[in-house]
Structures are given as C-alpha cells and as structure tokens.
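A structural model of the following input is requested.
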Amino acid sequence: MEQTVNENKIKVSKGLNYKQQKLLWAFIFLTPWLIGIGLLFVYPLITSFRYSFNFLELTRNDGLITIPVGFANYRNALLEHTYGELIFQEVLLSTLVDVLINMPVIIIFSLFIATILNTEFRGRAIVRAIFFVPVILNSGAIAAALSSGESLTQVLMESGNLGAVFNLEEYLLRAGIGTGLVGFIVSLIERIYSILSLAGVPILLFLASIQSIPKHLYEAAEIEGATKYEQLWLITLPNVTPHIVTVAIYVLVDTYLTSDVSTYIASLGRTEWGLSAAMSWIYVAMMLLVLALVLVIAKVFKWGENHYG
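Below you'll find the model as predicted:
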C-alpha cells in the first residue's frame, strides 16, 4: 500500500515541475478565500451596481419589485436629493474637501510620529500604545468621548472662557499672517480628533517601514560623518516613500467609514435602495479619482522605487 502511494507521488512530481506544483498548491490554499470574496464581495458589488439603475420597492410579502429607471437615481442624487436640511451634493463636496485635507496631513503627521517613536527613549512602548489606542477602541465609546470633547469646547466658547484665555485665530491675524493660511491652520486644529483617530494604523505602517531599512545604511552614513538630519532626508524618507501609497489607500477607506456620506446614505433606509446604491457608486467614483491622483503623484515623484544602496 505504501509503495503504491509513493509511486503515485512520484508520478505527480514527474508530471509537474516545481513551479507548476507551487502554483497548484497556491490555488488550492487560495480557493476558500476566492469563494469567500466572490460570495461576500464581488456578488454584492455587482448587485449594488445593478440596483443603482432601478427603482426598488418592497411588497407586503417581502418581495422585491425592480423598475428600470436608467440614470435617474444618479441625477436625483447629484442634483435634487435632500435629507432634512442636508443636501447630498454638499455633503459629497465637503467629504471630498476633508479627504484632500486629511490625507496629506495624516501622512505627514504619521511619518513624523513614526520617526520619533523609532528613536530610543524611556516609555517608548507606552507612547506607541497611546497612539494606537483610538484604533483598538474605534467604537461608539470613542465617538461619544470625542463628541463630549467637542461639546466641552462649545460650552467654553459660549461662556467666553476659552476665548478669554487665548484666541489663536486673532493672534495669528495680528501677527500679519494671511487670512487664508490662518483659516487653514484653525481648521486643522478643529480636525485634531479625526486626525488622531485615523493616524493609528498609518503610524504603525510607517514605523514598520522605517524599522525594515537596513541598519548598515545608517552605520555607513555615521562613518561618513552624516548628521541625523541628513540621515533622515537621504536614507529614511527615500526608503519610506514606497509605503505612502499604501497609507493613502488606507486613509481613503477609513475616511469613508467615518464620513458624512456613509451616514447620509445609511439614513435613507430600505425604501430607497436604488438611490442609496447610486450614491454609493458616486462616492466610489470620487474616491477612485482621488486614488488615481495619488498614483499620478507617486509616478511623478517616483514613489515605490527601490532606494537600497
């Protein structure tokens, strides 16, 4: 019996070379994942795209009636639809502005913090955990805590105590800084809650990329007399730039989960599935355009190239 099994193994190994065997076993191990992504992602994605071109209505016996309406849902979403005092077009535009502002800010902030956390100092592990806590506790509790912080700020502003202590906007304007730049700085300060909550994973990604840089590059730079500042610009940053696209994609995905657009779409309910599907695909198209812009910038600045000497 054992001899027969060994002979079968020999026949299989003779029929396939090593590369073909690797491909075969890779496909076997990937089969459960392919089935899962097909049933849980691809099929719902296609169904959602099909729903966006139909008017859907539920019957009393939970049946679904679909009426083709073409691009009417898209026109309604972009030109007409409102929910209470909110207009989808304005919510979409404000989300786009948030993405265009948050993405570079989060990338720069995460890279700066990762560079600091990579240095040796007491309590480094605790500081790393503190920056990652918002990711671990990214739930309703954190949202409630953040909203409480905003409520506290609002109370102080109404009572005049916060303005009496220090008014940053007025101080910057008196210092001769332009109103546009002052408005941008103040808006960044107002976004500090969202920036900190979204920066946890990007910090870890940049920290892992920094720690993967070969140590001999820094050792050779120190022997040549390079300062820490020169090592940062000539070694760390060139080797970290390939991961900027990965961080940008993560920020895009995470921004959608916390954006006003997702809340707006979820508020439509079961009676407007076709319209909500169209809104979702409009948002997807907008995010794809932003991602394409990131890829173009990455191509221009040659991000992703191998910088190892």
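
please make it C-alpha for all contacts and neighbour counts, starting now.
OK.

can I assume residue 273 is in contact with residue 51?
Yes. Residue 273 is in contact with residue 51 according to CA atoms under 8 Å; the separation is 7.1 Å.

list the contacts of residue 45.
The contact partners of residue 45, by CA atoms under 8 Å, 6 or more residues apart in numbering, come to none.

does residue 55 lie in a helix or a strand, and which?
Element membership for residue 55 (DSSP states H and E) is strand 54-58.

over to residue 213?
Counting by DSSP H and E, residue 213 is found in no helix or strand.

how close does the nearest residue in space to it that is not next to it in sequence sit to residue 199?
In space, and not counting its chain neighbours, residue 213 is closest to residue 239: 7.0 Å by CA to CA, 6 or more residues apart in numbering. Going from residue 239 to residue 199 by CA to CA, to the nearest Å gives 20 Å.

ok, these two, which is more surrounded?
residue 199 (27 against 22; other CA atoms under 10 Å).

now for the more buried one: which residues touch it?
106, 109-110, 131.

what about it, distance to residue 55?
Residue 199 is 39 Å from residue 55, by CA to CA.

go on, residue 255?
To residue 55, residue 255 is 29 Å away according to CA to CA.

before we move on, what about residue 82?
Applying CA to CA to residue 82 and residue 55 gives a distance of 17 Å.

what's the neighbour count on the closest residue to residue 266 other than its chain neighbours?
Leaving aside its sequence neighbours, residue 266 sits nearest to residue 276 (CA to CA, 6+ apart; 7.7 Å). If you count neighbours by other CA under 10 Å, residue 276 ends up with 25.

remind me which residues of the chain are low pLDDT?
Applying pLDDT under 70 to the chain flags the ranges 1-14, 57-64, 134-176, 178, 180-188, 190-191, 269-271, 303-309.

helix or strand for the spatially most central residue of it, which one?
Nearest to the geometric centre of the chain sits residue 251, at 1.9 Å (CA atoms, centre = their mean). Here residue 251 sits within helix 244-257, counting by DSSP H and E.

and if you look at residue 65?
Assigned by DSSP H and E, residue 65 falls in strand 64-68.

distance from the chain centre to that strand, please.
34 Å (CA atoms, centre = their mean, to the nearest Å).

please apply the same query to stretch 234-244.
19 Å.

now do stretch 290-298
Distance, centroid of stretch 290-298 to centroid of chain: 14 Å (CA atoms, centre = their mean).

repeat for stretch 265-285
Counting by CA atoms, centre = their mean, stretch 265-285 comes out at 20 Å from the chain centroid.

show me which positions of that stretch end up buried.
Across stretch 265-285, burial judged by 16 or more other CA atoms under 10 Å covers 265, 272-283.

ok, now stretch 214-227?
For stretch 214-227, using 16+ other CA under 10 Å, the buried residues are 218, 221.

dump the residue contacts of residue 124.
residue 117.

I'd like the distance between the residue nearest to residue 213 and residue 113.
16 Å.

how far off centre is the helix or strand just after the strand holding residue 65?
Counting by DSSP H and E, the next helix or strand C-terminal to strand 64-68 is helix 72-75. With CA atoms, centre = their mean as the basis, helix 72-75 stands 28 Å off its chain's centre.

list the pairing partners of the next helix or strand after helix 72-75 within its sheet, with orientation.
Heading C-terminal from helix 72-75, the first helix or strand you meet, by DSSP H and E, is strand 82-83. Strand 82-83 has its sheet partners listed here by DSSP bridges as strand 86-87 (antiparallel).

please work out which residues outside the partner strand touch it.
Contacts to strand 86-87, defined as CA under 8 Å, 6+ apart, come from residues residue 81.

more neighbours: residue 82 and residue 55, which one.
Ranked by neighbour count (other CA under 10 Å), residue 82 and residue 55 place residue 55 first, with 19 against 15.

for the more buried one, which non-adjacent residue is closest in space?
residue 67 (4.9 Å).

ok, now residue 249?
Distances taken as CA to CA, 6+ apart put residue 291 closest to residue 249, at 7.2 Å, once the chain neighbours are dropped.

which SSE is the one you found in?
Counting by DSSP H and E, residue 291 is part of helix 273-300.

so what does that helix touch, helix or strand wise?
Helix 273-300 sits against helix 43-51, strand 54-58, helix 72-75, helix 244-257, helix 260-266, with contacts defined as 3 or more CA pairs under 8 Å, 6 or more residues apart in numbering; DSSP states H and E.
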